[in-house]
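Engineer: Prediction below, plus the sequence it came from.
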Amino acid sequence: MAASFESVSGQSLGSLDALKAQASRDPKASIRETAKQFEALFMQEVMKSMRASTLSSGMLDNSATQLGTEMLDTQFAGKMSGLPGGLSDAIQRQLQRQMGVQDLSPENVKKASQTTLAQALPALATKGIPSHVQSFIQQHDAAARSASAASGIPASFMVAQAAHESGWGKREITGADGTKSYNVFGIKASPGWTGKTVDVKTTEVINGQAVKVTAKFRAYASYDEAFKDYAKLISSNDRYAKVVAQAQNGNAAGFAQGLQQAGYATDPAYASKLAKVIDTTQRVQRSLA
């Protein structure tokens, strides 16, 4: 996002002379306007990135349509800026704290805006990471940390496995009536399970062939309960002893491979897929830290 910050800052400096003149008459209003302009320009950068990540047909694209799109994005950015509780409010507060209402020099505005944007929208710093991925990681972070404290398994490993099993929350296990099971780990109901269950059709790889079967899966009252049960299952079962050891050593590849060897899943590519999701989860968490 550093390049975006630079772009936002550079575009805003041209209007600062007028803002500085206004500051002598109404300092608070000038800071409010500065914050609104930075938010508008930042939103333009976000929309520009979104456009760039979308494939175009190329059939009707030309300089005129590109100009029209840019003008439309500018209008959208202006409409979305300055709303109560938005980014401009955060920028305004940060400018007032860091600069004081008298100091609207280009250097200080640029410096404060970079700090503000990094603090106010940390999720957007993970450029290239889909929003649903960020949301999933943030949603389950607390439950994973709590389960990690009890089991020693890194929270990032658990969040990643939940993401892999549930398709980042897009294919969670539900009952026939649509009731949520909160079972983001795909844990089946073993004979000794006394809690609620849901019957779900799933795909198992048997003798190298993908087969559709109906199986009973555990159901929980919350995601917190699901993470606690997963941590208990892995850390208290001798079958997964080596898996826990690899996890506690921070060995993501060893953890994923151990789960596959212990029979957690029948997919022959389970370990490599999970290892990739762990890497993605850890990259996002580092960016959000």
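Structural biologist: Good, I have the coordinates. Residues are numbered from 1 along each chain as shown.
Engineer: low pLDDT regions in the stretch 101-250 of the chain?
Structural biologist: 101-128, 205 (pLDDT under 70).
Engineer: ok, 50 please
Structural biologist: For the stretch 101-250 of the chain, applying pLDDT under 50 flags the ranges 101-102, 104, 106, 110, 113-126.
Engineer: In terms of pLDDT, where does A52 sit?
Structural biologist: pLDDT for A52: 56.
Engineer: Actually, A262.
Structural biologist: 92.
Engineer: Okay, helices next: where are they in the stretch 101-250 of the chain?
Structural biologist: Using DSSP state H, counting those that start in this stretch, the helices of the stretch 101-250 of the chain run over 106-120, 131-151, 155-166, 223-236, 241-248.
Engineer: K273 is nearest to which of those?
Structural biologist: helix 155-166 (6.3 Å; C-beta to C-beta). Every residue, glycine included, has its C-beta placed from N, CA and C.
Engineer: Against which helices or strands is that closest one packed?
Structural biologist: helix 131-151, helix 223-236, helix 252-261, helix 270-288 (3 or more C-beta pairs under 8 Å, 6 or more residues apart in numbering; DSSP states H and E).
Engineer: Break the chain into its domains for me.
Structural biologist: Here the domain parsing of the chain from automatic domain parsing is 2-124, 131-178+222-288.
Engineer: Okay, now stretch 201-214: how far is its last residue from its first?
Structural biologist: One end of stretch 201-214 sits 4 Å from the other (C-alpha to C-alpha, to the nearest Å).
Engineer: any idea how far E165 is from A265?
Structural biologist: According to C-beta to C-beta, to the nearest Å, E165 and A265 sit 8 Å apart.
Engineer: Between the two, which contacts overlap?
Structural biologist: Among the neighbours of E165, those also in contact with A265 (C-beta atoms under 8 Å, 6 or more residues apart in numbering) are G186.
Engineer: More neighbours: those two, which one.
Structural biologist: Legend: neighbour count by other C-beta atoms under 10 Å for E165 and A265, higher for E165 (22 against 19).
Engineer: Now the more buried one. Nearest residue, chain neighbours left out?
Structural biologist: Beyond its immediate neighbours in the sequence, the residue positioned closest to E165 (C-beta to C-beta, 6 or more residues apart in numbering) is G186, lying 4.1 Å away.
Engineer: and the one you found, how many residues sit next to it?
Structural biologist: 21.
Engineer: Do I have it right that it meets I173?
Structural biologist: Yes - G186 lies in contact with I173 (C-beta atoms under 8 Å); the separation is 6.9 Å.
Engineer: which neighbours do these two share?
Structural biologist: What both G186 and I173 touch, as defined by C-beta under 8 Å, 6+ apart, is the set S166, F217.
Engineer: Since that was my last question, I'll sign off now.
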